[in-house]
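S.K.: With the sequence up front, the predicted model follows.
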Amino acid sequence: YLISMLIFLSIGLFVAIPDIRYLMFLLTFGIILHILPMISIIFLKPSKEGQQLTQKPAFLFFYFVVFCLILATAPKYRRMEIYRIPSLSNFPNLIPGDQIIVDNWEYSENTPTRGDVVVFTFPEDGVSKKYIKRVVGMPGDTLEIIDNHLYVNSVDTMKEALKSDDIARLKKLSDQAQSLDINSSSYIEPTDFNEESLEGKNYVIALSLRDPQDVMSNYGPIKVPKGNYFVLGDNRLNSLDSRLKGMVPLKNIIAKAKYLFMNSPNQGEGTYSIDTQRIGKWIK
């Protein structure tokens, strides 16, 4: 039992550091897991036939209750969670079938910063419908979109255009991934790709030519209220975000997207050759 407990604690320390709450949960779970068998010996008595151990039915019920309590409590202490991307709203950085790992505790002590990719809910949709977008505006920021250029506090975030080879590759990827988008019937094909920069984070966005009066291409200026954040999808003309749904309160931000570890499109959704470069990468 001592060796087993040490192994369990070592795994717990590796997973939980520096999060004391998750570590405490693992410690509690480990203690229960290792003490229950020893307690059971006390409640077992030898039978007369062959000196085999016979367990009392009442203690079986105790095992069941403890197991149910552990299952009920575990999600509240779970730091990492896996989400599957269903659409192209964050193309080219995330595509349908991407399996991403998010950190549910990232914002328990910290606050989102510009450029973070976050999981959240819009107040009007309730808690069941979750979105994933990029934070581009923080409380007090003034934002404006002019001809697809995002300005944060009067600073243009657009960098130089991508090279023609990169654009050709992304357009090909867009064609392949479009068949996997659950909302592909309303999808607007990107015609250009550019790089944006926020807080030193560089990432690629997808753009399309639209009517200059379109709110998706020209928006604001608007000031982000205290306690709220402005979010955009990286696929700017194919994203339901703050331009149409409004600000996101801090309390509605659930997690930060951290890591893309694989892509697994559903069977029957179309043919798509998985890009090995998408396996195992940090989300920028």
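M.R.: Nice, I can see it. Residues are numbered from 1 along each chain as shown.
S.K.: Using the record's domain definitions, break the protein down for me.
M.R.: Each domain of the chain is listed here as a residue range: 2-77, 80-282, per automatic domain parsing.
S.K.: hey, least reliable of the ones you listed by pLDDT?
M.R.: Between these, the lowest average pLDDT goes to domain 2-77, which shows a mean of 53.
S.K.: I'd assumed His149 was in contact with Asn218.
M.R.: No: Asn218 lies out of contact with His149 (CB atoms under 8 Å); the separation is 9.5 Å. To be clear about C-beta, it is placed using only N, CA and C from the backbone, and glycine gets the same treatment.
S.K.: what's the burial count for the residue lying closest to Asp141 once chain neighbours are set aside?
M.R.: Closest residue to Asp141 apart from its sequence neighbours, by CB to CB, 6 or more residues apart in numbering: Val224 at 4.8 Å. Using other CB atoms under 10 Å, Val224 has 20 neighbouring residues.
S.K.: do Ser108 as well
M.R.: 10.
S.K.: Mind telling me what element it is part of?
M.R.: Taking DSSP states H and E as the definition, one finds Ser108 inside helix 106-109.
S.K.: who does that helix touch, helix- and strand-wise?
M.R.: On a contact count with 3 or more CB pairs under 8 Å, 6 or more residues apart in numbering; DSSP states H and E, helix 106-109 meets strand 253-263.
S.K.: packing partners for the next helix or strand after the strand it packs on?
M.R.: Scanning forward in sequence from strand 253-263 by DSSP H and E, the next helix or strand is strand 281-282. Strand 281-282 sits against strand 253-263, with contacts defined as 3+ CB pairs under 8 Å, 6+ apart.
S.K.: tell me which residues in the strand it packs on are buried?
M.R.: Neighbour counts over strand 253-263 (16 or more other CB atoms under 10 Å) mark Ile253, Ile254, Ala255, Lys256, Ala257, Leu260, Asn263 as buried.
S.K.: Can I get those in a markdown table including distance to Ser239?
M.R.: A markdown table is the format used below for the buried residues of strand 253-263 (distance: CB to CB, whole Å):
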| residue | distance to Ser239 |
| --- | --- |
| Ile253 | 17 |
| Ile254 | 18 |
| Ala255 | 19 |
| Lys256 | 18 |
| Ala257 | 15 |
| Leu260 | 18 |
| Asn263 | 20 |
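S.K.: Tell me which two of these sit farthest apart.
M.R.: With distance counted by CB to CB, no two of the buried residues of strand 253-263 lie farther apart than Ile253 and Asn263, which are 25.1 Å apart.
S.K.: quick one: the helices in the stretch 51-200 of the chain?
M.R.: With helices called from DSSP state H, counting those that start in this stretch, the stretch 51-200 of the chain shows them at 57-77, 106-109, 164-178.
S.K.: contact partners of the shortest one?
M.R.: To tie it back to what came earlier, the one meant is helix 106-109. Taking CB atoms under 8 Å, 6 or more residues apart in numbering as the criterion, the residues outside helix 106-109 that touch it are Leu250, Ile253, Ala255, Lys256, Lys258.
S.K.: Swap in 6 Å and give it another go.
M.R.: Around helix 106-109, the neighbours that count as contacts under CB atoms under 6 Å, 6 or more residues apart in numbering are Ile253, Lys256.
S.K.: count of neighbours near the closest residue to Ser154 other than its chain neighbours?
M.R.: With CB to CB, 6+ apart as the criterion, Ser154 has its nearest non-adjacent residue at 7.2 Å, and that residue is Thr142. When neighbours are defined as other CB under 10 Å, Thr142 has 14 of them.
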